[in-house]
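# Sequence plus the predicted model coming up.
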Amino acid sequence: MPVKEIKREEHLQFLQQNTDFEVRSLDGASINESELSHPWWHNLKYAAAGVWFGILLVKSEVMSWFRIQEMFRLQSFHMYGVLGSAVATGIFSVWLIKKINLRTIYGEPIILLPKKFNKGQVYGGLLFGFGWALTGACPGPLFAQIGTGAAVVTAVLLSAITGTWVYGWMADKLPH
Amino acid sequence: MHFSDWIKQPWPWYIAGPLIGLMVPLLHISGNKTFGISSSLRHICAACLPANIPFFQYNWRKEIWNLFFVAGIALGGLIAASLLSNHQPIIVNPTLVKELHRYGVNNHDGLVPAELFNWQSLITVRGFILMVAGGFLVGFGTRYAGGCTSGHSIMGLSNLQWPSLIATCCFMAGGFIMANLVLPFIMHL
């Protein structure tokens, strides 16, 4: 049951006036945010979504170091098939969400604002690509690998957190 | 074949890929969340060691759903590895098997190569570069780029964002350069 009726225009206004907007606009590919707040246990559904995603990462083998090496040597179609069909499904889903003005389970309109280009996507993208080929993992798979029992990957994760911290520390000195 | 045997096989790309893509609408409909993982690393920094750095001065509690999400991913990994696995080595291209053999990597049992990713090799030059330097680049690069494979390549491309397309091309270019031109030297260390 929606708590209150939220109009599309009002939600758009909220997104654009949000004080955190500048912080968040550096981040993520598109910005949307809920203006509702709920008790903490509402977050458990995101934990459940994470469990499902973790299972998908393992069963599709996209979190395997070997599969990543194959991908970057063009030795297998598998990774390209997974990513390609995931993107195709995502494009269709987002198109449909916009087409039918879908709302969340709380009745809030779903609006996705566009993302601005900055040079970080090039420099940072290349640096992440280097790290992806070395560790055989992007951030999601790091968590999944630890879950599968590869305890040493916690060292990789700690190093990734350090990398994020160092980026934040020197962000204003880097070209964007 | 029993369902339990079937489910324990690796899932083909045309099953797993679309299911991964459906994470995008799932998170939107659950409460206006954009699919993305690497932001969680930023929230961990903001929560644990903000150190007066402006980049970490925000209300990370508002983003706590993302930390629940990544904790779920680890639990999902545990469930998949213990209950949904047939414990067979991952079958990869024979050319890669031959190349890895030259570097002394012959154990294909795990999702990560046991000979490269273990506590002993963490203090070797090769292991340090693969795990510590590699991890650092993942954390630094994703935040600099404003997203990772999930946030840019799946979420951003799903929303037809051209900056995400550029980021994805750079992820791939970086990976190709590292895997083909640099990694062979590192593997011989």
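Okay, I see it.
# what's the burial count for A:H42?
By other C-beta atoms under 10 Å in any protein chain shown, 15 other residues sit near A:H42. Every residue, glycine included, has its C-beta placed from N, CA and C.
# Likewise for B:G146?
For B:G146, using other C-beta under 10 Å, the count is 29.
# you'd agree it is up against A:F117?
No - assessed by C-beta atoms under 8 Å, B:G146 is found out of contact with A:F117, at 9.9 Å.
# any residues in contact with both of those two?
Residues touching both B:G146 and A:F117 by C-beta atoms under 8 Å, 6 or more residues apart in numbering or on different chains: B:P163.
# I'd like the distance from the helix or strand bottoming out on mean pLDDT in chain B to the chain centre, please.
None of the helices or strands of chain B scores lower by mean pLDDT, DSSP states H and E than helix B:3-8, at a mean of 87. How far helix B:3-8 lies from its chain's middle: 25 Å, per C-alpha atoms, centre = their mean, to the nearest Å.
# following that helix, which helix or strand comes up?
Using DSSP states H and E, the helix or strand that follows helix B:3-8 in sequence is helix B:13-21.
# Buried residues, stretch B:40-50. List them.
By neighbour count on 16 or more other C-beta atoms under 10 Å in any protein chain shown, the buried set for stretch B:40-50 is B:40-46, B:50.
# near chain A at all, it?
Yes - Stretch B:40-50 is in contact with chain A by C-beta under 8 Å from any C-beta of the partner chain, via B:40-42, B:44-45, B:49.
# Adding secondary structure, pLDDT and distance to A:V58, write these out as JSON lines.
Below are the residues of stretch B:40-50 next to chain A laid out as JSON lines (DSSP: H, G, I helix; E, B strand; the rest coil; pLDDT from 0 to 100; distance: C-beta to C-beta, whole Å):
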{"residue": "B:S40", "secondary structure": "helix", "pLDDT": "96", "distance to A:V58": "18"}
{"residue": "B:L41", "secondary structure": "helix", "pLDDT": "97", "distance to A:V58": "21"}
{"residue": "B:R42", "secondary structure": "helix", "pLDDT": "96", "distance to A:V58": "25"}
{"residue": "B:I44", "secondary structure": "helix", "pLDDT": "97", "distance to A:V58": "23"}
{"residue": "B:C45", "secondary structure": "helix", "pLDDT": "97", "distance to A:V58": "27"}
{"residue": "B:L49", "secondary structure": "coil", "pLDDT": "95", "distance to A:V58": "31"}
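# Skipping adjacent residues, who's closest to the residue nearest to the spatial centre of chain B in space?
Closest to where the C-alpha atoms of chain B average out (C-alpha atoms, centre = their mean) is B:T149, at 7.7 Å. Of all residues beyond its chain neighbours, the one nearest B:T149 is A:C138 (4.3 Å), with distances taken as C-beta to C-beta, 6 or more residues apart in numbering or on different chains.
# phi, psi of the one you found?
Backbone geometry at A:C138, expressed as degrees, to the nearest 10, gives phi -100, psi 180.
# can you give me the helices in chain A?
A:8-17, A:21-25, A:44-59, A:65-72, A:78-99, A:120-135, A:139-147, A:153-170 (DSSP state H).
# Throw those helices into JSON lines and include mean pLDDT, distance to chain B and mean neighbour count, thanks.
Below are these laid out as JSON lines (pLDDT from 0 to 100; distance: least, C-beta to the nearest C-beta, whole Å; neighbours: other C-beta atoms under 10 Å in any protein chain shown):
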{"stretch": "helix A:8-17", "mean pLDDT": "75", "distance to chain B": "9", "mean neighbour count": "13"}
{"stretch": "helix A:21-25", "mean pLDDT": "47", "distance to chain B": "5", "mean neighbour count": "15"}
{"stretch": "helix A:44-59", "mean pLDDT": "97", "distance to chain B": "2", "mean neighbour count": "23"}
{"stretch": "helix A:65-72", "mean pLDDT": "96", "distance to chain B": "4", "mean neighbour count": "23"}
{"stretch": "helix A:78-99", "mean pLDDT": "97", "distance to chain B": "3", "mean neighbour count": "19"}
{"stretch": "helix A:120-135", "mean pLDDT": "97", "distance to chain B": "2", "mean neighbour count": "27"}
{"stretch": "helix A:139-147", "mean pLDDT": "96", "distance to chain B": "3", "mean neighbour count": "29"}
{"stretch": "helix A:153-170", "mean pLDDT": "97", "distance to chain B": "3", "mean neighbour count": "22"}
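# For B:A74, find the nearest of those.
helix A:139-147 (3.8 Å; C-beta to C-beta).
# Need the contact partners of that closest one.
Residues contacting helix A:139-147 (C-beta under 8 Å, 6+ apart): A:53-54, A:57-58, A:62-63, A:135, A:137, A:153-154, A:156-157, A:160, B:37-38, B:40-41, B:70-71, B:73-81, B:111-112, B:135, B:138-139, B:142, B:148-150.
# one more time with 7 Å
With contacts defined as C-beta atoms under 7 Å, 6 or more residues apart in numbering or on different chains, helix A:139-147 is touched by A:54, A:57-58, A:62-63, A:137, A:153-154, A:156-157, A:160, B:37-38, B:41, B:70, B:73-78, B:111-112, B:138, B:142, B:148, B:150.
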